[in-house]
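Undergrad: Got a predicted structure here, sequence first:
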Amino acid sequence: MHHPSIADYRAAMELEFFDTPQPFLDAAGDLLAAQPVLGSVIASVSARTAREIADGIDSWAEVDAPFQRWWVVVRDDTGEVTSAAMRTAPFKPYPTFSLPMSDQAARALAGALHDRGEHLGGANGALPGAEVLARTAAGLAGGEMVSDKSTRLWECTAVTVPPAPEGRLRLATEDDAGLVLAWFTAFHAEADEQAGREPDPGSGEHNTLDSVLIRIREGVEWLWELPDGTVAHLSGSGVPSYGVARIGPVYTPKEHRGAGIASYVVGELTRRGLEAGTRMCLFTDQANPTSNKIYAGLGYEPVVDMAEHLVRLPASP
């Protein structure tokens, strides 16, 4: 009986790698336009990176990763692009992020990376492809796959905005950059805590003052200010890609929780987006029942389940 090898998987499809985002966006554009909610992360990150490069900024140079970042499209035997993935995350273990892809494509991608001598430390994205990619990469490296975190992508087509609390919504300014950076970092640690996971001390390290300033200049970070001027909440609402904007992160410090600020701000930002003709989506951590309940109450509906997987290598003898 013939067991399919990695070579057999490759025979039926073509993987085309790119080391810059614009040629990738040109190749993957039809797919991203056809699935703009599913493709929101890949499209927005790639577009932001393309804008950086056009401005002469190379943020990857400071990441110190043991490989060059890349983007890839999967083509079927007719040449049509059926899936895409990228490895651009500027934090360890530098996980990939992938659109829905066939098991065959995921195995072929794992094989291609193994052939390149590139260790895949983690794989995030749509299931089941991301899990197959991580599992195959772990097998090829003699390591093991660990499921790290389950997430859910939601979309809102009709929003119910709750009553506004006391205060006002305003855009973050460059003067707020230090606070925004601190809250990005706290958001990651507290999200782990709320989901019952050990907080990962390095989870916020990919946010720097420079990356926060870029987001503030893009006009995507919003703050809720109480009547006395205290800033009590942060929500991001990204630049639309292919007509879709993504909300996040959403962070309220502990002392300001329970006042309905997050529900109102996310609802209001969603309403503004929908009124402007933008499709609105967000991610939740499946292990955090509070946020899932809040967003469902605003009118968000689940689109697809995703997960983060780690590939652990055997310890050296």
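TA: Good, I have the coordinates. Residues are numbered from 1 along each chain as shown.
Undergrad: which stretches of the protein have low pLDDT?
TA: Under the criterion pLDDT under 70, the flagged ranges of the chain are 1-12, 191-206, 316-317.
Undergrad: For it, which segments count as strands?
TA: With strands called from DSSP state E, the chain shows them at 14-18, 70-75, 81-87, 96-98, 122-126, 144-156, 168-171, 221-225, 231-237, 244-251, 279-285, 300-312.
Undergrad: Mind listing the strands the last one pairs with, and their directions?
TA: Going back to what we said before, that points to strand 300-312. With DSSP bridges as the test, strand 300-312 is paired with strand 122-126 (antiparallel), strand 144-156 (antiparallel).
Undergrad: again with the shortest one
TA: In the sheet containing strand 96-98, the strands it pairs with under DSSP bridges are strand 81-87 (antiparallel), strand 122-126 (parallel).
Undergrad: tilt between the longest one and strand 14-18?
TA: By that I understand strand 81-87. Interaxial angle, strand 81-87 versus strand 14-18 (axes from the mean of the first three to the mean of the last three CA atoms, to 10 degrees): 40 degrees.
Undergrad: One more: the last one?
TA: Between the axes of strand 122-126 and strand 14-18, defined by the same axes, to 10 degrees, the angle is 110 degrees.
Undergrad: how far out from the middle of the chain is strand 122-126?
TA: Here strand 122-126 is found 10 Å from its chain centre; the criterion is CA atoms, centre = their mean, to the nearest Å.
Undergrad: ok, residues contacting that strand?
TA: By CB atoms under 8 Å, 6 or more residues apart in numbering, the surrounding residues in contact with strand 122-126 are 38, 85, 89, 93-101, 130-131, 133-134, 137, 148, 304, 306-311. All C-beta spots, glycine's among them, are computed from the backbone N, C-alpha and C.
Undergrad: if you set the cut-off to 7 Å instead, what comes out?
TA: Residues from elsewhere that reach strand 122-126, judged by CB atoms under 7 Å, 6 or more residues apart in numbering: 38, 85, 93, 95-100, 130, 133-134, 304, 306, 308-311.
Undergrad: Please enumerate the helices of this structure.
TA: Here the chain has its helices, by DSSP state H, at 6-11, 21-34, 40-54, 103-115, 129-141, 177-194, 209-218, 261-275, 289-298.
Undergrad: closest to P253 out of the ones you listed?
TA: Nearest to P253 among the helices of the chain is helix 177-194 (7.4 Å), distances taken as CB to CB.
Undergrad: who does that closest one touch, helix- and strand-wise?
TA: Packing contacts for helix 177-194, counted by 3 or more CB pairs under 7 Å, 6 or more residues apart in numbering; DSSP states H and E, involve helix 209-218, strand 231-237, strand 244-251.
Undergrad: returning to what we had before: of all the helices of the chain, which one is nearest E166?
TA: Closest approach to E166 among the helices of the chain is made by helix 261-275 (9.5 Å; CB to CB).
Undergrad: what angle do that closest one and strand 244-251 make?
TA: Using the same axes, to 10 degrees: helix 261-275 against strand 244-251 is 170 degrees.
Undergrad: picking that back up, got the strands of the chain as JSON lines, with distance to G111 and mean neighbour count columns?
TA: Putting the strands of the chain into JSON lines (distance: least, CB to CB, whole Å; neighbours: other CB atoms under 10 Å) gives the following:
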{"stretch": "strand 14-18", "distance to G111": "9", "mean neighbour count": "16"}
{"stretch": "strand 70-75", "distance to G111": "13", "mean neighbour count": "22"}
{"stretch": "strand 81-87", "distance to G111": "14", "mean neighbour count": "23"}
{"stretch": "strand 96-98", "distance to G111": "14", "mean neighbour count": "25"}
{"stretch": "strand 122-126", "distance to G111": "14", "mean neighbour count": "26"}
{"stretch": "strand 144-156", "distance to G111": "16", "mean neighbour count": "18"}
{"stretch": "strand 168-171", "distance to G111": "46", "mean neighbour count": "12"}
{"stretch": "strand 221-225", "distance to G111": "40", "mean neighbour count": "21"}
{"stretch": "strand 231-237", "distance to G111": "36", "mean neighbour count": "23"}
{"stretch": "strand 244-251", "distance to G111": "31", "mean neighbour count": "22"}
{"stretch": "strand 279-285", "distance to G111": "29", "mean neighbour count": "23"}
{"stretch": "strand 300-312", "distance to G111": "14", "mean neighbour count": "19"}
